[in-house]
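*Asks:* Build the 3D model from these lines:
(chains A, B, C and D)
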4 protein chains.
Amino acid sequence: MDNRIASVETLLTCPDRNYLLVKVTTEAGVVGYGDATLNGRELAVKTVLDEYTAPLLRGCDSGRIEDIWQMLFRHTYWRGGPVLQTAMAGVDMALWDLLGKRTGLPVYQLLGGKSRDRIKTYYHVHGDTSEALIARAHEAVKAGAQVLRYSFSTKNPFHPESGRSYTQPHQDIELNERFEVKGQAGGTMADTETQIARWETEPYLEELPDITAALRHAVGPHIGLIHDIHSRCTPIQAVRAAKELEPCHLLFLEDPIEPLNREALELVRAASATPLATGELFNTMDQLLPLLQRRLIDYIRLDISHFGGITPLRKAAYVAEACGVKTAFHGPGDISPLAHAAQFHLDLHVPNFGVQETLRFDPRLSEVFEWHTVTEDGYLSFEEQPGLGVAVDEAAAAAFPYRKAFIPGHRDEGGAVHDW
Amino acid sequence: MDNRIASVETLLTCPDRNYLLVKVTTEAGVVGYGDATLNGRELAVKTVLDEYTAPLLRGCDSGRIEDIWQMLFRHTYWRGGPVLQTAMAGVDMALWDLLGKRTGLPVYQLLGGKSRDRIKTYYHVHGDTSEALIARAHEAVKAGAQVLRYSFSTKNPFHPESGRSYTQPHQDIELNERFEVKGQAGGTMADTETQIARWETEPYLEELPDITAALRHAVGPHIGLIHDIHSRCTPIQAVRAAKELEPCHLLFLEDPIEPLNREALELVRAASATPLATGELFNTMDQLLPLLQRRLIDYIRLDISHFGGITPLRKAAYVAEACGVKTAFHGPGDISPLAHAAQFHLDLHVPNFGVQETLRFDPRLSEVFEWHTVTEDGYLSFEEQPGLGVAVDEAAAAAFPYRKAFIPGHRDEGGAVHDW
Amino acid sequence: MDNRIASVETLLTCPDRNYLLVKVTTEAGVVGYGDATLNGRELAVKTVLDEYTAPLLRGCDSGRIEDIWQMLFRHTYWRGGPVLQTAMAGVDMALWDLLGKRTGLPVYQLLGGKSRDRIKTYYHVHGDTSEALIARAHEAVKAGAQVLRYSFSTKNPFHPESGRSYTQPHQDIELNERFEVKGQAGGTMADTETQIARWETEPYLEELPDITAALRHAVGPHIGLIHDIHSRCTPIQAVRAAKELEPCHLLFLEDPIEPLNREALELVRAASATPLATGELFNTMDQLLPLLQRRLIDYIRLDISHFGGITPLRKAAYVAEACGVKTAFHGPGDISPLAHAAQFHLDLHVPNFGVQETLRFDPRLSEVFEWHTVTEDGYLSFEEQPGLGVAVDEAAAAAFPYRKAFIPGHRDEGGAVHDW
Amino acid sequence: MDNRIASVETLLTCPDRNYLLVKVTTEAGVVGYGDATLNGRELAVKTVLDEYTAPLLRGCDSGRIEDIWQMLFRHTYWRGGPVLQTAMAGVDMALWDLLGKRTGLPVYQLLGGKSRDRIKTYYHVHGDTSEALIARAHEAVKAGAQVLRYSFSTKNPFHPESGRSYTQPHQDIELNERFEVKGQAGGTMADTETQIARWETEPYLEELPDITAALRHAVGPHIGLIHDIHSRCTPIQAVRAAKELEPCHLLFLEDPIEPLNREALELVRAASATPLATGELFNTMDQLLPLLQRRLIDYIRLDISHFGGITPLRKAAYVAEACGVKTAFHGPGDISPLAHAAQFHLDLHVPNFGVQETLRFDPRLSEVFEWHTVTEDGYLSFEEQPGLGVAVDEAAAAAFPYRKAFIPGHRDEGGAVHDW
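*Replies:* Here you go, the predicted model:
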């Protein structure tokens, strides 16, 4: 069988939101798919893949996955960052998928086999008010959820009548987050102001402990609760949050401070027994390693599509294992089912698996991706197939063309840019 | 005057190698240019600018340079890395150029004015042998150079007859390096092997001290010598080099280890009195700050086009000043004269300026970029003009179309990928 | 295909020295072999496997390699140490061999594929005198060696006529080390005194720099030299050795101090630019991790059979990669060709491979193990086969029955036990 | 008197659970006994002793206890770990017992004599519910206990009707724990599932503070309370437990995290004033020393049979004394009365004795071991005899043959292996 790479192609599809897929085909005709979605910058990743990666890989042995990863990482010289790492991730997943299909084995088996039977998951619950949040949480628990990631909205306390409220990022439990921004659909983006949401951290921090306590009381002591600060606190604000949430026994507090200010995590760490998680914005190991070495976090929230694929995510999980840290891979709607599947294969394999974020995909996705998962009692299982186990219907994908969409911008009440 | 941004355009030109320029025009018709060249991935940066940045900035106040930088940095959510930061750098330089033109002031004046009259520079000298290197150094010194960055080639010691030698990256003193790789021109890249150069660090390390001592002897004690390991040593190899070069009194030893293994710089630091420099591969402050805080380096080698422009480079220089560290901004042929000019403006301004890398550009560049600099006694001066002071001839630029070219790949004698 | 484990069996064979093999057979009849040799304690490992591991694993899914590793590691409660980890290693290698045979793929492909084409190796050269050592080194270099591990003997300086000399552990370049001890063969071990060799570190340390300098002079600057202190120095003696050997540019200095005094490596590390290696006596990650985190070593000398198999050795290599540390896996004659093969598969795969210790096996081994490797110019390649690629002739193995043999004891001139 | 060792023999007996005894006899016919029990791996230790240690020691001077320890430790080269250290421990205790019998002195006298009159002890109390636990605690206190080690069971909170509960390891106050596992007796172990107990840490952590507070309230402020997390928490979970138990004034919290993740104890240490203890899984000093040097623990929980005997345990106690740390030697039912006796001798001797774990042995043990201890007011005393003071009835021992038994395996609700 001729395992040399005949072609590397990209597919950009928007069944409900944009996904960029990578398709690698060998001379023998075996095909592997991977996910290279970088929300809001899809075309940049596509350009990297089409213009640079595809010609470079033609003729390479598709089985030299590690070599290809190293070559793509080092030969650009200018390395790292979301665009290049996401492009690599798409290729890397496709090569593992392809190796699975060549051998007839699911990817988790190639990685060294299962260390568990099923995958503990968590879903998002959001409420604009405390009451609405609790109602959604009750629904979710009734549906079997054992772990919830909760978020809420905070009214502008000085002008409550303005209707302005501060809402944290979340994805709906039934439909995934769409990131559709006002004024954009079908139009130009000339008027950037219309895209902007408002954010102030202090009012949010003021409400956070009470809402969390109410939620904890409502769902009882045994439902795992996760809260995502989404990098919106200063270090000392994060210290306050971590301390005040301590009695609520979170499973973890996510992204307490901005991702590039990693050194300041020491302050948050020293403050409380609240478990900490971070990593969805990391692209390379240098961003993660010091946090593991100094035991500053308890869960790694890496995202397979932005960290460069199965090859480096597996290594990161092993380094975390050596340091006594667990995985909680990022599982948003902004990466495709291929990426979710790849993470599930790792979840089954790595011994230090903690929990997996996931969502109920928009039904339109099933027209493009054929994939069978079952979630029972909060644990997910999937049907075994060679490779990643997700079939892609290219014709259906083509029927959903790319529509440019942006991650929503945020500014504070003084008009300054704020992290989303 | 209506200072709102009317358009953000890109120009890709290849007078001798590829440069990606950003042109920002206000409603009032004032124009600014910036450099967004990312060697080997130009089209990805261009896609970011054309598809995402240009529509976003249309209508923004061109004077809100800081605000635009923050918006571009944070609103993508997925941040950092060479592609996105280089795109931002192009916009940022163009906005400073534009502000200079609006006000009739050179950029250094807008930054707070000069703290010096002229800029100490260094150029590359390369020799395939020790003798050739010394000959080139003599020429350079004769031409006025006070500081030299030297490199050389090392023959494969096991098969000297093979003609294989290990050559360090450098740029020619007269013509800039072209990165043209064998077998590529006009053809496909299917046969990746033909693009590969070989590298082994041990034979190079073996020759380094003797060649350096010979060079030091030849040029005398007063010429500044810089050597660039180009990230090709392991930490302990770098320790060896730093110790063995100690008696040669380098101005600095550059990039002793790979850029993502920054923690290991501690080891190199403890080993010798050889000054250390690093940073050309850094894109964001989080990569630099720990090195400054712990005083692990003596010079920051940041590159304005890859670190995000004048706005963040200025801040980095100020943080370095606070820590007693000097600047030695990256000045290769792979960023355009616009970027060089922007760095020169900063060089004149910052009090902790150390030295500036530069080169003699290929004469073909002067068809595209009109710019007057003079180097005398190793010090560079330039003619004052509003903004950056570099005029761009767009028609000439268009006459040199983009030709895809790659950074050369390296592998060791065992066939494994090696950093370039 | 029924991949459940039908049986786990052990084979103890002594073609020239003792090897303990593990054979795992599935219900479908597929067979995998692994190495569980623990020199001098073979029967203890065999008891673990026969009495405890074999019944436990019967009926388990042979593909759940990670799960089986975790179960064997944690379910004993009393964990770690050479006996238990070596037993696990045998099973683990056999399961990877078996998975390769099921899929028709060599193990390196299952691990993620090659990152290099061939494996840089080193061999032992030993001389009782400086002259003899240099003669052997010349022979080895003539035969193509690029890296040598050298050792020598030191005469008792107070009673040179006594014939007593202090000899470092080594394996012959042509025949592997036999560890046959005087008075033992065919007899009882009642007279323990007869088994004892003498050792004094100071006379050895006195000779070490001169012999090394002479050897370096003889072989020239480009042959890699490795010296193994074999844990026989106190920390400050190791500091002296590392400093005094610095001008000889060792590839690395191995096991400078005793393995359980790992904290003291800091002292040795701070002393010189001599690269350091350790790890052949490590059984679990907790022994390695602090050395990597603090960058105290440059090469990990782990041994696949004593560290628990492919599963943990792969993880250790990845952790080392994150820390900028290379591999130099232990390759003595006291582990079987199956273990050597398993390490070769990892060598081909891991990007941070450094060098591989190996030896020319006794010809009698080829009666038991069928395996084709070629070493050219100091680089090893092997014929690709499914799994580990080593065929075992069980009838031939049975024809070489176990003969109890011990690692030689050492005492100093005062009569005290000394590390071997 | 000829004190040379004539024989080293092993006795494996199972009066209620398995014990492996070592019997050393001198040429003069003096006999010493030691304990070499390694629960669940008895036959591996027996093989080491019968096949390797016994022949090696024949003819050695039985009084060279230190020399024999060093020889056994270093001559294997591959050192440490539970199997080898337990074998050594058996020999070491036997040699001390023998020396006592030769001299007519109890072992504590040979060690340097008493520093106290009697030994403060603690026993286990366990309840499946809070009420049952308190009832057992009241009984124990009524019987004179001053210190209690408490444990409890936690119902599966998601499926309380399932009958599944999470139970911590403990030993019954009257009968020692048997580790008999379902489906095993008289059968094969093919069906590994039947041996598995379930464990989830979060529900347990949820109940721990309330149960502890209730227990503290019930027994009043003056009864010492010990809780054993049994390595089942992640570091941050241990932080939570240590903080939440702080007001309950534990005597100590034991094994808060897994034993090979020792570095993370720093996190737990910084969190609260709850005293910490660990060490029952340590086999060698390198595992303990960093914890003492950094004052991360308050009690050493070493176990004489797994740490290598009286010789190293005495040294460990002395190092702890130097660091201001106390002893709390492991005293489970899984080591024989010989080991308990050896620890009692050390308890009487070392000035930094803290407390001694013990249990009421199964009456069947008194058929094999003749030994007289009295516990009054929580303090233990024993009848003075030469040596360890425990007589072994070999005929009775032979009447209780070995029955293979395993430490129970645990898995979490996702099916992954969990530490016991």
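*Asks:* What parts of the stretch 1-150 of chain A come near chain B?
*Replies:* Where proximity means C-beta under 8 Å from any C-beta of the partner chain, the interface of the stretch 1-150 of chain A facing chain B comprises A:38-41, A:43-48, A:51-52, A:55-56, A:58-60, A:67, A:70-71, A:74-86. Heads up, the C-betas are built off the backbone N, CA and C, glycines and all.
*Asks:* filter those by proximity to chain C?
*Replies:* Here is what survives when the residues of the stretch 1-150 of chain A next to chain B are matched to chain C using C-beta under 8 Å from any C-beta: A:67, A:70.
*Asks:* Ramachandran coordinates for the closest residue to chain B within the stretch 301-420 of chain A?
*Replies:* Each residue of the stretch 301-420 of chain A has a distance to chain B, by C-beta to the nearest C-beta, and the smallest belongs to residue A:417, at 4.0 Å. For residue A:417, the backbone dihedrals are phi -60, psi 140 (criterion: degrees, to the nearest 10).
*Asks:* what bridges to it?
*Replies:* Beta-bridge pairing of residue A:417 under DSSP bridges involves residue A:411.
*Asks:* quick one, what contacts it?
*Replies:* Contacts of residue A:417 were listed using C-beta atoms under 8 Å, 6 or more residues apart in numbering or on different chains, and they are A:409, A:410, A:411, B:67, B:70, B:71, B:74, B:75.
*Asks:* ok, the helix or strand residue A:253 falls within near chain B or not?
*Replies:* Secondary-structure assignment from DSSP states H and E places residue A:253 in strand A:252-254. No. Strand A:252-254 lies out of reach of chain B by C-beta under 8 Å from any C-beta, never closer than 14.5 Å.
*Asks:* That strand - what's its average pLDDT?
*Replies:* Taken as a whole, strand A:252-254 carries a mean pLDDT of 98.
*Asks:* and what of stretch A:111-124?
*Replies:* Model confidence over stretch A:111-124 averages 96 on the pLDDT scale.
*Asks:* picking up where we left off before, how far away is the residue of the stretch 301-420 of chain A closest to chain B from chain C?
*Replies:* 33 Å (C-beta to the nearest C-beta, to the nearest Å).
*Asks:* same deal with residue A:156?
*Replies:* When C-beta to the nearest C-beta is applied, the distance between residue A:156 and chain C equals 45 Å.
*Asks:* which residues does that residue contact?
*Replies:* For residue A:156, the residues meeting the contact criterion (C-beta under 8 Å, 6+ apart) are A:162, A:164, A:165, A:166, A:198, A:200, A:203, A:413.
*Asks:* Buried subset of those residues, written for ChimeraX?
*Replies:* Buried residues within those, as defined by 16 or more other C-beta atoms under 10 Å in any protein chain shown, are selected in ChimeraX through the command that follows:
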select /A:165,166,198,200,203
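*Asks:* which residues touch the closest residue to chain D within the stretch 101-250 of chain A?
*Replies:* For the stretch 101-250 of chain A, the residue positioned closest to chain D under C-beta to the nearest C-beta is residue A:117, at a distance of 3.1 Å. Each residue near residue A:117 by C-beta under 8 Å, 6+ apart is listed here: A:381, D:414, D:415, D:416.
*Asks:* for residue A:124, helix, strand, or coil?
*Replies:* Secondary structure of residue A:124, reduced to three states by DSSP: H, G, I helix; E, B strand; the rest coil: strand.
*Asks:* Might one say that it is in contact with residue A:169?
*Replies:* No. Shown here, residue A:124 and residue A:169 do not form a contact pair, counting by C-beta atoms under 8 Å, at 9.4 Å.
*Asks:* Between these two, which is the more surrounded one?
*Replies:* For residue A:124 versus residue A:169, neighbours defined as other C-beta atoms under 10 Å in any protein chain shown are more numerous around residue A:124 (26 against 20).
*Asks:* in the sheet, who's paired with the more buried one?
*Replies:* On the basis of DSSP bridges, residue A:124 is bridged to residue A:149.
*Asks:* circling back: contacts for the strand holding residue A:253?
*Replies:* Strand A:252-254 is contacted by residues A:149, A:226-230, A:238, A:241-242, A:245, A:274-278, A:298-299, A:301, A:328 when judged by C-beta under 8 Å, 6+ apart.
*Asks:* Make a PyMOL selection of the buried ones in these.
*Replies:* PyMOL command restricting those to the buried ones, with burial defined by 16+ other C-beta under 10 Å:
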select buried, chain A and resi 149+226+227+228+229+230+238+241+242+245+274+275+276+277+278+298+299+301+328
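*Asks:* who in the stretch 101-250 of chain A is up against chain C?
*Replies:* Near chain C, the residues belonging to the stretch 101-250 of chain A are A:103, A:104, A:105, A:109, A:110, A:111, A:112, A:113, A:114, A:115, A:116 when assessed by C-beta under 8 Å from any C-beta.
*Asks:* List buried members of these by neighbour count.
*Replies:* For these, burial is judged from neighbour counts taken by 16+ other C-beta under 10 Å, and it is met by A:103, A:105, A:109, A:110, A:111, A:112, A:113, A:114, A:115, A:116.
*Asks:* In strands, which of these fall?
*Replies:* Secondary structure from DSSP state E places none of those in strands.
*Asks:* so where's the stretch 151-300 of chain A shaky on pLDDT?
*Replies:* When the per-residue scores of the stretch 151-300 of chain A are filtered using pLDDT under 70, the ranges that remain are A:172-195.
*Asks:* Helices of the stretch 201-350 of chain A, residue ranges please.
*Replies:* For the stretch 201-350 of chain A, helices defined by DSSP state H, counting those that start in this stretch occupy the ranges A:201-219, A:235-244, A:265-269, A:285-293, A:310-322, A:337-349.
*Asks:* any idea which of those is most buried?
*Replies:* Among those, the stretch with the highest mean neighbour count (mean count of other C-beta atoms under 10 Å in any protein chain shown) is helix A:337-349, at a mean of 27.
*Asks:* That one near chain C at all?
*Replies:* Yes. With C-beta under 8 Å from any C-beta as the threshold, helix A:337-349 lies in contact with chain C, specifically through residue A:349.
*Asks:* what packs against that helix?
*Replies:* strand A:31-35, helix A:82-103, helix A:107-110, strand A:119-127, helix A:310-322, strand A:356-357, strand A:379-382 (3 or more C-beta pairs under 8 Å, 6 or more residues apart in numbering or on different chains; DSSP states H and E).
*Asks:* mind checking which of those is nearest residue D:130?
*Replies:* When these are ranked by proximity to residue D:130, the top entry is strand A:119-127, at 27.7 Å, counting by C-beta to C-beta.
*Asks:* Can I get that closest one in CSV, CA atoms only?
*Replies:* Taking only C-alpha atoms (Å, rounded to 0.1, in the frame of the first residue of the first chain), the coordinates of strand A:119-127 have been written out as CSV:
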residue,chain,number,x,y,z
ILE,A,119,-16.1,9.8,29.6
LYS,A,120,-17.3,12.1,32.3
THR,A,121,-18.7,15.2,30.7
TYR,A,122,-19.9,18.6,31.5
TYR,A,123,-22.3,21.0,29.7
HIS,A,124,-23.1,24.7,30.0
VAL,A,125,-26.0,26.2,31.8
HIS,A,126,-26.7,29.9,31.6
GLY,A,127,-29.3,32.2,33.0
